[in-house]
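# Got a predicted structure plus its sequence, pasted below:
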Amino acid sequence: MKLINGYTEEMRESIEKVEKTRAERMKKSFEAMSMEEREEVLKKYHPDYKPDKKRAVKVGPNKGDIAPHEVVDLLEAYPLIDPKDIDLKHIDYDVDILIVGGGGAGTVAALWANNSGIPAENILMATKLRHGDANSMMAQGGIQAADREEDSPAIHYLDVVGGGHFANKPELVEALVKDAPFILKWHEELGVQYDKNPDGTYVERSGGGTSRFRLHSAKDYTGMEIMRVIRDEFRNRKIPVLEFSPAIELLMDDSGTVAGALLLNMETEQYYVVRAKATIMATGGFGRLHIQGFPTTNHYGATADGLVMSYRAGARLRDLDTVQYHPTGAAYPEQIVGLLITEKVRGMGAQPVNKNGELFVFPLEPRDVEAASFIRECYGRNNCVETPTGMKGIWLDSPMIEEIEGEGAIQKNLDAMYRMYKRFGIDMTKDPILVFPTLHYQNGGVEIDANARTSVSGLFAAGEVEGGVHGKNRLMGNSLLDYNVFGRRAGINAAKWVKKHGKPKNLNLKHVENYIKELKRAKIPKKRKSPMLLPDYRGEKVLARVVDIF
Amino acid sequence: MEGNKKMITIYIMGKAYKVPFGLTIMKAVEYAGYRFIRGAGCRAGFCGACATVYRKKGDYKFRTALACQTTAEDGMYLAQLPFVPANREEYNIENIDPDKNVLSEYYPEINRCVSCNTCTKSCPQELDVMDFIQAAIRGDYKKVSSLSFDCIQCGLCTARCPAEITHYHVAQLARRIYGKYYSPIPKHLEKRVGEIKKGKFDKEIERLKKMSVDELKKAYVKRKIERIPRGEVREE
């Protein structure tokens, strides 16, 4: 197959059309959709609106609620351990606060628990991969905060609930938008570097569904910059962390309060018992479930473990019927299919165009609407470009950015994107890039209140694992904000809880035993187990001949 | 060829496996039957978990890569670094004297740099690592910051350095000092945080919180949308 600067001859023909219409398109924009038009495209083309891809949960606190099959399969599943085999008398770690998950939310929670008077040695972070291997590290575009004179937390509030289909939990949205400027201030004090003007104001852009320029970024490494700094601070405080040791089950005491967790050292395969007065669930999302077969932007460990464990302990979940597909995942080349192309590319002026070089949608609709429009253009109108491996995609006209903001604007602001494409032979300053929606974010999750408390006492939750903040669809720049706002609130409130409660007594797994009984009554197939911990990408031929002896 | 796929041979820690051409190293290793516990993180070039070293058959050159961001090629001899032991100094960012060269104080080994440029050559992000170490020796926080900003902290430079420098920890310290003490102060932020604390927006948010969905929809549709006129540059 002959490639010309990274693209096939057929793709080149379409790129010529994109180039031809560019000058004309630069002068125009596309009308944003009315609420009715949004509804229509969503109903017809968004993956969430396909009823056969979901089912009602048969067990647990959300019995009867609808969620994607892939999620329900994990909720309706047996534990990895048999409670009878576990010796809970011997406690390996005895702490005030256990933090499950080593991404952004867990790290922020640890810092604020420490700020609230919990000594570092009385905190324990347990995480499945390395500390910082998380979607928080991969967020590119930025973080929202209404800090400008022309903006206000109230306007931010309205954008959030509009994007979330007015299904958001109001107290959580209030917390999100009101804490946002404070979070930026905290980051400044820690030494996080945002893109700024010489007078100290931020370079701010718009994202899909935002009515103000409110997106603060650090090139397109925003998530990495924040995560690097907070992790560095965490290390300076000497807060203990156990890597490659995920929680696989929560523990409870006699009164039905969460009392710690059972960890699994994935390298030695032994378990550890952690007793904690308060537990913070910060395990992130579920992209690696590949819902409806979609590729994902998510990190290797995004397998919904926290949802499963919390649910078995009785925590209510919400808004799990919707899934966020990011409109712009890479569709070509094959090596990077599904990886995130930040919304900032559109925020800086790149338009989505079809194979004929036509702009067909307002570039910054909320994510679900934008993604549905891309799918319509491909499958409803057959106006997409096909790749050699059969992927469909639409063009994101990245060279427009340099035309609008001047030569070098891409490398200055979108260096990660530029670098990734260059590695695979494509220069996005000269050629457009091919994109298609990709599985990106868990909109819902474990329900919390404004103090980051779940419906189970002793259990807090923060970050992508928790639900209610974003309703049925999250806006860009609100996930970095979410984990900071609720990570902090979880840390502070867990610290308060700890000061009022003694050490839990009689650790047990009765909730797991009861859950098993419920599973049996519902006739759930025995072989289905969870949490998943890691996806399995081994080749089919290998898996067909695997001998399970270790 | 296997079916209609072109196959290549890669050597995972010396063992030969046939895999389809066109996969990243990470996916090729998985195709061959390995399941990662260590060595896979974000799978998108942001976390540095998949630092890889390799040689090509018949080539003396020792190469480095990120397994998730590099296409597997025929004849690659591959190994991954599951972990890089590296000294990291503890400090309190609040008590640092930014006027001094703190970098040299915490990491005196940077002065042992022999300018061999191995770090730069081993960087999968293609950063000018040696240049930022030279800037660190001079105490130039700004330069270290800008040159190291895209560092994913994979540790390949550190594993290769003959002077035993931990480049990525030095750069992390420099970036925090620059961010905290030298980058322009966002004075407007202080004001906004104060306004929120005093409850300036509470009434309006309270009103929104109490609205019915229909009322919210109306307010949402009516809200003014700020846009940049086409062709105009807003920043700087």
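Great, that's in hand.
# Contacts only, for A:N493.
In this structure, A:N493 makes contact with A:451-453, A:460, judged by CB atoms under 8 Å, 6 or more residues apart in numbering or on different chains. Quick note: C-beta positions are derived from backbone N, CA and C, even for glycine.
# Low-confidence bits of chain A, can you list those?
Across chain A, residues meeting the criterion (pLDDT under 70) sit at A:550.
# Check which residues of the strand or helix carrying A:V485 are buried.
Secondary-structure assignment from DSSP states H and E places A:V485 in helix A:478-500. Along helix A:478-500, the positions that meet the burial threshold by neighbour count (16 or more other CB atoms under 10 Å in any protein chain shown) are A:478-495, A:497-498.
# Show me what the helix or strand just after that helix is packed up against.
Remark: after helix A:478-500, the chain's next helix or strand is helix A:510-521, criterion DSSP H and E. Helices and strands touching helix A:510-521, by 3 or more CB pairs under 8 Å, 6 or more residues apart in numbering or on different chains; DSSP states H and E, are strand A:247-252, helix A:305-312.
# if I look at A:E225, how far off is chain B?
Counting by CB to the nearest CB, to the nearest Å, the gap from A:E225 to chain B is 8 Å.
# residue contacts, B:R112?
B:R112 is in contact with B:163-165, counting by CB under 8 Å, 6+ apart.
# State the helix or strand in which the residue nearest in space to the middle of chain B lies.
With distances taken as CA atoms, centre = their mean, chain B has B:I152 as the residue nearest its mean C-alpha position (2.3 Å). Secondary structure from DSSP H and E places B:I152 outside every helix and strand.
# was I right about it contacting B:F46?
Yes - counting by CB atoms under 8 Å, a contact exists between B:I152 and B:F46, whose distance comes to 6.1 Å.
# Please enumerate the shared neighbours of these two.
In the contact map built from CB under 8 Å, 6+ apart, the residues linked to both B:I152 and B:F46 are A:M224.
# how about the helices of chain B, start to end?
In chain B, helices defined by DSSP state H lie at B:25-31, B:102-106, B:118-122, B:129-137, B:141-148, B:156-160, B:167-177, B:187-197, B:202-210, B:213-222, listed in chain order.
# Dump those into CSV; add distance to A:A175 as well.
Converted to CSV, the helices of chain B look like this (distance: least, CB to CB, whole Å):
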stretch, distance to A:A175
helix B:25-31, 38
helix B:102-106, 37
helix B:118-122, 44
helix B:129-137, 39
helix B:141-148, 32
helix B:156-160, 40
helix B:167-177, 27
helix B:187-197, 11
helix B:202-210, 10
helix B:213-222, 18
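# quick one, which of these is nearest to A:N197?
Nearest to A:N197 among the helices of chain B is helix B:187-197; the distance by CB to CB comes to 11.0 Å.
# what about that closest one and chain A, any contact?
Yes - with CB under 8 Å from any CB of the partner chain as the criterion, chain A is reached by helix B:187-197 at B:187-190, B:192-193, B:196.
# Drop the exposed ones from those residues and show what's left.
Buried positions within these, assessed by neighbour count (16+ other CB under 10 Å), are B:188-189, B:192-193, B:196.
# and stretch B:105-116, C-alpha only, in CSV?
In CSV, the C-alpha atoms belonging to stretch B:105-116 read as follows (Å, rounded to 0.1, in the frame of the first residue of the first chain):
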residue,chain,number,x,y,z
GLU,B,105,21.6,22.1,46.1
TYR,B,106,19.2,19.1,46.0
TYR,B,107,20.7,17.4,43.0
PRO,B,108,24.5,18.2,43.1
GLU,B,109,25.1,15.4,40.6
ILE,B,110,23.9,17.5,37.8
ASN,B,111,27.3,19.2,37.9
ARG,B,112,28.8,15.9,36.9
CYS,B,113,27.1,16.1,33.4
VAL,B,114,29.8,15.3,30.8
SER,B,115,27.6,16.6,28.0
CYS,B,116,27.6,13.3,26.2
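# contacting residues around the residue nearest to the centre of chain B?
When contacts are counted by CB under 8 Å, 6+ apart, B:I152 touches A:224, B:45-48, B:66, B:124-125.
# I'd say B:A67 and B:C50 touch.
Yes - B:A67 sits in contact with B:C50 when judged by CB under 8 Å, with a separation of 3.8 Å.
# The closest residue to A:K430 other than its chain neighbours - how many residues pack around it?
Excluding the flanking residues, the one nearest A:K430 by CB to CB, 6 or more residues apart in numbering or on different chains is A:P399, at 6.0 Å. By the measure other CB atoms under 10 Å in any protein chain shown, the count of residues near A:P399 is 20.
# list the contacts for A:P399?
The neighbours of A:P399, taking CB under 8 Å, 6+ apart as the test, are A:22, A:428-432.
# Show me the domain layout of chain B.
What the record gives for chain B is the domain set B:7-80, B:93-182, B:188-221, from automatic domain parsing.
# any chance of these in TSV, plus mean pLDDT and distance to A:R316?
Output for the domains of chain B, formatted as TSV (pLDDT from 0 to 100; distance: least, CB to CB, whole Å):
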stretch	mean pLDDT	distance to A:R316
domain B:7-80	97	30
domain B:93-182	97	38
domain B:188-221	97	21
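# wait, does the strand ranked longest in chain A contact chain B?
Within chain A, and with DSSP state E defining each element, the longest strand by residue count is strand A:271-281. No - with CB under 8 Å from any CB as the threshold, strand A:271-281 lies outside contact range of chain B, at a closest distance of 16.0 Å.
# still on that earlier bit, between the domains of chain B, which one is closest to A:D305.
Taking CB to CB as the criterion, domain B:7-80 is the member of these that comes nearest to A:D305, at 14.7 Å.
# so how far is that closest one off the chain centroid?
Going by CA atoms, centre = their mean, to the nearest Å, the spacing between the C-alpha centre of domain B:7-80 and its chain's C-alpha centre is 20 Å.
# Span of it from start to end?
In terms of CA to CA, to the nearest Å, the two terminal residues of domain B:7-80 are separated by 22 Å.
# Repeat that for stretch B:60-75.
With CA to CA as the measure, the first residue of stretch B:60-75 is 13 Å from its last.
# residues of that stretch that come out buried?
If you call a residue buried by 16+ other CB under 10 Å, then stretch B:60-75 has these buried ones: B:63-72.
# sorry, back to before: pull the CA atoms of the helix holding A:V485 into PDB?
Taking only C-alpha atoms (Å, rounded to 0.1, in the frame of the first residue of the first chain), the coordinates of helix A:478-500 have been written out as PDB:
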ATOM      1  CA  ASN A 478     -15.200  19.400  33.900                       C
ATOM      2  CA  SER A 479     -13.500  16.100  34.600                       C
ATOM      3  CA  LEU A 480     -10.200  17.600  35.800                       C
ATOM      4  CA  LEU A 481     -12.300  20.000  37.800                       C
ATOM      5  CA  ASP A 482     -14.500  17.200  39.200                       C
ATOM      6  CA  TYR A 483     -11.600  15.200  40.600                       C
ATOM      7  CA  ASN A 484     -10.100  18.200  42.200                       C
ATOM      8  CA  VAL A 485     -13.300  19.500  43.700                       C
ATOM      9  CA  PHE A 486     -14.600  16.200  45.000                       C
ATOM     10  CA  GLY A 487     -11.200  14.700  45.700                       C
ATOM     11  CA  ARG A 488     -10.700  17.700  48.000                       C
ATOM     12  CA  ARG A 489     -14.100  17.400  49.600                       C
ATOM     13  CA  ALA A 490     -13.700  13.700  50.100                       C
ATOM     14  CA  GLY A 491     -10.300  14.200  51.800                       C
ATOM     15  CA  ILE A 492     -11.700  16.900  54.100                       C
ATOM     16  CA  ASN A 493     -14.900  15.100  55.000                       C
ATOM     17  CA  ALA A 494     -13.200  11.700  55.500                       C
ATOM     18  CA  ALA A 495     -10.800  13.500  57.900                       C
ATOM     19  CA  LYS A 496     -13.800  14.900  59.800                       C
ATOM     20  CA  TRP A 497     -15.400  11.500  59.900                       C
ATOM     21  CA  VAL A 498     -12.200   9.900  61.300                       C
ATOM     22  CA  LYS A 499     -12.000  12.400  64.100                       C
ATOM     23  CA  LYS A 500     -15.500  11.300  65.300                       C
END
